[in-house]
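Asks: Fold the following and give me the result.
(one chain, ligands or ions: 2)
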Amino acid sequence: MARLVLGKKEIDEDLLEELEAILLQSDVGVPATRGIMEAVTQKVRRRELTDPAALQQAIRQALLDLLRPRALAWAPVKGKTQVLMMVGINGAGKTTTIGKLAARWKAAGFQVLLGAGDTFRAAAVEQLQGWGARVQVPVIAQGSGADSASVLYDAFSAARARAADLLIADTAGRLHTQNHLMEELKKVKRVLGKQDPEAPHQIWLVLDAGTGQNALQQAQQFHAAVGLTGICITKLDGTAKGGVVAAIAQALPVPIRFIGVGEAVEDLRPFDAEAFVDALFARESA
Ligand SMILES: Nc1nc2c(ncn2[C@@H]2O[C@H](COP(=O)(O)OP(=O)(O)O)[C@@H](O)[C@H]2O)c(=O)[nH]1
Ligand SMILES: [Mg+2]
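Replies: Ligands and ions are numbered 1, 2, ... in the order given. Presented below is the predicted three-dimensional model:
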């Protein structure tokens, strides 16, 4: 976007159209792109924006206005055993993000436990145990094929018995149908609520940024089914399409908590609207 704007001396229809196309290509989505372009076009008509650099700045500001209200941090608290339930389709990055979060919060002095609720695949339990060993956080698991809700119920009991600060619950990403998956997640929620009516205290959806506009659909479906309190966007290292974050911010009032920028334990960042928009512009101009 920077490159496009730099080559221009004045704002014309072509430039506005090209900027609109860039937003759409970055997966900002039609409603958010339309909102942003309508706002800046009006400013151009009123002569409040007269040169391309100011136009670019206005688009940046419009994206920030959309994203800033979603940049709400969350962390465990001492003296209360909370459950953070992680949901999302297979391959989105749930287990990896759980490992990264566990490392982060353990380093911050919290006692963290992991619950192996993705019982649909044996490899999923082993993968979570691998992360537990790597970041030195205990994992509560049963064999694959066990009932997810009962594994997580037991894990929450264990967390409460140890007065841990946080249980991070892994869940399945695929069952026989999407409907089965949503029913299972609702059951997990219900069962956890039997021990503590506030549990699960947080339900975060993990989304792969590379899936573009499909990520928005997933967010809407999961939010409708279980009520999300946070979203994590992974694989922003591998895509120029991070704009889907703006599309989600436009569509849903759910905070964006963290972003994943690689496979390693340190490749997790709290969502920062300014840094995110800067990165989006940098990728576009690359
Ligand atoms: N490049 C990159 N890869 C990631 C990121 N997060 C997860 N992955 C990879 O995505 C794949 C699926 O992740 P996984 O945690 O198993 O997904 P799950 O099925 O939702 O639990 C693994 O190969 C991860 O290493 C990220 O932020 N960046
Ligand atoms: Mg997994």
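Asks: Around ligand 1, pick out the residues from the stretch 151-286 of the chain.
Replies: 173, 206, 234-235, 237-238, 260-263, 267 (C-beta under 6 Å from any ligand atom). Any C-beta I mention is one placed from the backbone N, CA and C, and that applies to glycine too.
Asks: List buried members of those by neighbour count.
Replies: For these, a burial check counting by 16 or more other C-beta atoms under 10 Å picks out 173, 206, 234-235, 260-261, 267.
Asks: Check these against H223 and report the nearest one.
Replies: Within these, the smallest distance to H223 is 13.3 Å, found for V206 (C-beta to C-beta).
Asks: Can you tell me the SS state at the closest one?
Replies: Three-state call for V206 (DSSP: H, G, I helix; E, B strand; the rest coil): strand.
Asks: my guess is it meets M85, correct?
Replies: No: assessed by C-beta atoms under 8 Å, V206 is found out of contact with M85, at 11.1 Å.
Asks: By proximity to ligand 1, which residue of this protein wins?
Replies: Closest residue of the chain to ligand 1, C-beta to the nearest ligand atom: G260 (2.6 Å).
Asks: Without its sequence neighbours, what residue ends up closest to that residue?
Replies: If the residues on either side of it in the chain are set aside, G260 comes closest to T234, at 3.5 Å by C-beta to C-beta, 6 or more residues apart in numbering.
Asks: Quick one: low-confidence residue ranges for this protein.
Replies: Along the chain, the model assigns pLDDT under 70 to residues 1-7, 283-286.
Asks: So what sits opposite the spatially most central residue of it in the bridge?
Replies: Note on the chain: the residue nearest the mean C-alpha position is C232, at 1.7 Å, using C-alpha atoms, centre = their mean. Listed by DSSP bridges, the beta-bridge partners for C232 are V206, F258.
Asks: who's in contact with it?
Replies: The neighbours of C232, taking C-beta atoms under 8 Å, 6 or more residues apart in numbering as the test, are 86, 93, 97, 204-207, 256-260.
Asks: And the residues you listed, which is closest to Q61?
Replies: Distances from Q61 to the contacts of C232, taken by C-beta to C-beta, are shortest for I256, at 18.3 Å.
Asks: Which residues are in contact with the closest one?
Replies: By C-beta under 8 Å, 6+ apart, the residues touching I256 are 67, 70-71, 230-233, 245, 248-249, 271.
Asks: Okay, it and V112: tell me how far apart.
Replies: Separation of I256 from V112 (C-beta to C-beta, to the nearest Å): 22 Å.
Asks: Repeat that for E263.
Replies: 20 Å.
Asks: Which residues of this protein lie near ligand 2?
Replies: Contacts of the chain with ligand 2, taken as C-beta under 5 Å from the ion, map to 94-95, 124.
Asks: Mark which of those are buried, thanks.
Replies: Among those, those classed as buried by 16+ other C-beta under 10 Å are 94-95, 124.
Asks: Which members of those residues are positioned in helices?
Replies: Per DSSP state H, helices hold the following members of those: 94-95, 124.
Asks: Could you save the residues you listed as CSV and add columns showing distance to ligand 1?
Replies: Listed next are these as CSV, based on distance: C-beta to the nearest ligand atom, whole Å:
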residue, distance to ligand 1
K94, 3
T95, 3
A124, 7
